[in-house]
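Visitor: below is the structure, and that's it, no one-letter string:
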């Protein structure tokens with residue numbers, strides 16, 4: 001099917017608005033909206049990874065552990081996203097390098113929360129919304145939901 005759209009004024013798109021302009025371009029019943037399918041898929045992967053992390057509530061912290069019964073911080077994120085169908089590197093710093101960095105104002109449930117210091121990235125968790133995250137904090141603790149306690153954090157989205 002071939003479709004031709006003729007514009008009679010140069011600023012038609014500006015007047016119509018971006019959302020309306022996107023609906024003008026349709027092929028075989030499918031609206032073309034850049035990134036829409038990828039965003040939806042990414043959101044479902046992140047939501048699933050978040051549910052996996054939450055299901056591990058109470059699992060003991062163990063340095064270097066990647067599950068399924070014990071975890072360190074990056075082991076929990078690696079395990080959760082692997083179960084959701086996405087591969088992540090082993091360490092928090094390497095995971096930070098593999099994610100799309102986003103501002104706090106755009107963070108969503110399922111995004112990764114990276115804690116940083118002058119020495120670099122030292123901890124990671126999965127954002128759960130309302131300023132909280134699932135993580136495996138330290139030796140002697142368990143996987144738990146906790147408020148983000150620091151302002152020196154960065155956020156990353158798994159693609």
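Guide: Structure's in. What do you need? The structure displayed is predicted, hence computed values, not measured ones.
Visitor: what backbone torsions are found at residue 102?
Guide: Here is the backbone geometry of residue 102 (degrees, to the nearest 10): phi -130, psi 150.
Visitor: from what I can see it touches residue 159, true?
Guide: No - if you go by C-beta atoms under 8 Å, residue 102 and residue 159 don't touch, sitting 11.4 Å apart. C-beta here means a position set from N, CA and C on the backbone, and glycine is covered the same way.
Visitor: show me which of these two is the more surrounded one.
Guide: residue 102 (15 against 12; other C-beta atoms under 10 Å).
Visitor: just give the nearest non-adjacent residue to that one, would you?
Guide: Closest residue in space to residue 102, ignoring its immediate chain neighbours: residue 155 at 5.0 Å, by C-beta to C-beta, 6 or more residues apart in numbering.
Visitor: quick one, phi/psi of the residue nearest to the spatial centre of the chain?
Guide: Central residue of the chain (C-alpha atoms, centre = their mean): residue 111, 2.8 Å from the mean position. Dihedral pair for residue 111: phi -70, psi 160, per degrees, to the nearest 10.
Visitor: who are the contact partners of the residue nearest to it when sequence neighbours are not counted?
Guide: Excluding the flanking residues, the one nearest residue 111 by C-beta to C-beta, 6+ apart is residue 127, at 4.6 Å. Shown in contact with residue 127 (C-beta atoms under 8 Å, 6 or more residues apart in numbering): 50, 107-113, 133, 155.
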